[in-house]
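*Asks:* I'll drop the sequence and a predicted model, then ask my questions.
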Amino acid sequence: MLSTFSGLPRTAWIVFAGTVVNRLGYVVTPFLVFYLGSRGVPTEQAPYVLGALGAGNLIGPVAGGLLADRVGRRPTMLAGLVGTALAQGLLFAAPNVVTLALAAVLLSAAGSMVGPAAGALLADTVTAGQRRSAFSLYHWAVNIGTAVAGILGGFLATHGYWLLFAMDAASSLAYALIVVALLPGGRGDATRATGSGSESATGSGSESGAGYGVVLRDPLMRALLPLLGVGLVIYSFTEVCLPLAIRDHGLPTTTLGLMATLNAVLVVALQPVATNLLSRLPQIPVYVGASVIASVGIALTGVAHDAWSYGGTVVL
């Protein structure tokens, strides 16, 4: 199974390890609905805080991409990771719904800055032929950490929600230390100038490949972005509506933790195999088929009522 990732450079494995460490502490956002309930926030006001998380997820990737190009990959990752740790404390200490929402914006914006910078760093350091494996490895790391975080979060929540915030902040700072100690510094253009992955980040060594102009000028990307947006809106229901549904059915936090772990374990087990098998098929039919299956699984959440039925939707 690991042969799928053979030949990847050291930087890819450092990003992999740091991502696993970081995602081990990804326990606040999945259990935020339960935390808000413990704070006495009414169900009708919870969407304000959850919507603020969504707003931050719009801001963070854009800022992360710009900063990764203009300031550097490593500084952007550090800013996002340290900002995430600080935002965890602000969210925990927030006294009302307004301050909870403001802290949630900061939390999701800072957290979502890291991915674009890490992805740019991967693109800098791998060849064009290694991109699929490198980004599959990155996504695999996300789900390895999430598999453990689901169980861990459910356990910690039963012993005090402050433990979730402490764990999340600690894992972000641990990844920041890995970035400082092990990842190469410098800007993306400096990396390209050394000849390492010289054409992998932008398709050319010229400075015209930096920034969002290269994205907006690409007809394939212009066609894919709206489709990806619709798909992500649907998939985001798993982070917003699934916890609400589980809570409203009177199920404990451990049920949500089990669902997160089931999802992640399936990805960890199947992704390396799927990467090999599905790479032989046309990409668009694979994407369409996967989107349909995911949408059916999310829609069936509306009729699920216990741990077993929720588990069935997660498998889909």
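*Replies:* Structure received.
*Asks:* lowest mean pLDDT among the helices and strands of the chain, which one is it?
*Replies:* With mean pLDDT, DSSP states H and E as the measure, the helix or strand of the chain carrying the lowest mean pLDDT is helix 188-193 (a mean of 44).
*Asks:* identify the spatial nearest neighbour of residue 139, chain neighbours not counted.
*Replies:* In space, not counting the residues next to it along the chain, residue 139 is nearest to residue 271; the distance is 6.8 Å by CB to CB, 6 or more residues apart in numbering. Where C-beta positions appear, they are placed from N, C-alpha and C, glycine not excepted.
*Asks:* wait, the one you found sits on residue 140?
*Replies:* Yes: here residue 271 lies in contact with residue 140, judged by CB atoms under 8 Å, at a distance of 5.5 Å.
*Asks:* which residues in the stretch 151-300 of the chain form strands?
*Replies:* Listed in chain order, the stretch 151-300 of the chain contains no strands at all (DSSP state E, counting those that start in this stretch).
*Asks:* show me where it has its helices.
*Replies:* In the stretch 151-300 of the chain, the helices defined using DSSP state H, counting those that start in this stretch lie at 161-182, 188-193, 213-216, 219-235, 237-248, 253-278, 283-299.
*Asks:* distance to residue 8 and mean neighbour count for those - can I get that in CSV?
*Replies:* Compiled in CSV, the helices of the stretch 151-300 of the chain are given as follows (distance: least, CB to CB, whole Å; neighbours: other CB atoms under 10 Å):
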stretch, distance to residue 8, mean neighbour count
helix 161-182, 15, 20
helix 188-193, 16, 19
helix 213-216, 25, 12
helix 219-235, 25, 12
helix 237-248, 29, 18
helix 253-278, 13, 18
helix 283-299, 21, 13
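*Asks:* of these, which approaches residue 50 most closely?
*Replies:* When the helices of the stretch 151-300 of the chain are ranked by proximity to residue 50, the top entry is helix 237-248, at 5.2 Å, counting by CB to CB.
*Asks:* average pLDDT for that closest one?
*Replies:* Taken as a whole, helix 237-248 has an average pLDDT of 85.
*Asks:* quick one: it to chain centroid distance?
*Replies:* From the chain centre to the centre of helix 237-248 is a distance of 18 Å (CA atoms, centre = their mean, to the nearest Å).
*Asks:* next, the angle from that helix to helix 283-299.
*Replies:* Calculated by axes from the mean of the first three to the mean of the last three CA atoms, to 10 degrees, helix 237-248 forms an angle of 10 degrees with helix 283-299.
*Asks:* elements contacting helix 237-248?
*Replies:* helix 32-38, helix 46-70, helix 253-278, helix 307-315 (3 or more CB pairs under 8 Å, 6 or more residues apart in numbering; DSSP states H and E).
*Asks:* mean pLDDT lowest where, among these?
*Replies:* Summarising mean pLDDT across the helices and strands packed on helix 237-248, the least confident stretch is helix 253-278, with a mean of 85.
*Asks:* tilt between it and helix 283-299?
*Replies:* In terms of direction (the same axes, to 10 degrees), helix 253-278 departs from helix 283-299 by 160 degrees.
*Asks:* tell me which other helices or strands helix 253-278 touches.
*Replies:* Based on contacts counted as 3+ CB pairs under 8 Å, 6+ apart, the elements that helix 253-278 packs against are helix 131-159, helix 237-248, helix 307-315.
*Asks:* hmm, back to that, which of the helices and strands packed on helix 237-248 sits closest to residue 131?
*Replies:* When the helices and strands packed on helix 237-248 are ranked by distance to residue 131, counting by CB to CB, first place goes to helix 253-278 at 11.7 Å.
*Asks:* gap between the closest one and the chain center?
*Replies:* Between the mean C-alpha point of helix 253-278 and the mean C-alpha point of its chain there is a distance of 14 Å (CA atoms, centre = their mean).
*Asks:* for stretch 85-100, same thing?
*Replies:* Between the centre of stretch 85-100 and the centre of its chain there are 21 Å (CA atoms, centre = their mean).
*Asks:* ends of it, what's the gap?
*Replies:* Its first and final residues considered, stretch 85-100 spans 15 Å by CA to CA, to the nearest Å.
*Asks:* now do it, average pLDDT.
*Replies:* Mean per-residue pLDDT for stretch 85-100: 96.
*Asks:* so, low pLDDT: which residues of the stretch 101-250 of the chain?
*Replies:* 185-210 (pLDDT under 70).
*Asks:* next one: the closest residue to residue 261 other than its chain neighbours from residue 259, what distance?
*Replies:* Distance criterion CB to CB, 6+ apart; nearest residue to residue 261, sequence neighbours excluded, is residue 150 at 3.5 Å. Relative to residue 259, residue 150 is positioned 7 Å away (criterion: CB to CB, to the nearest Å).
*Asks:* and residue 165, what is it in contact with?
*Replies:* With CB atoms under 8 Å, 6 or more residues apart in numbering as the criterion, the residues that contact residue 165 are 28, 88-89, 91-92.
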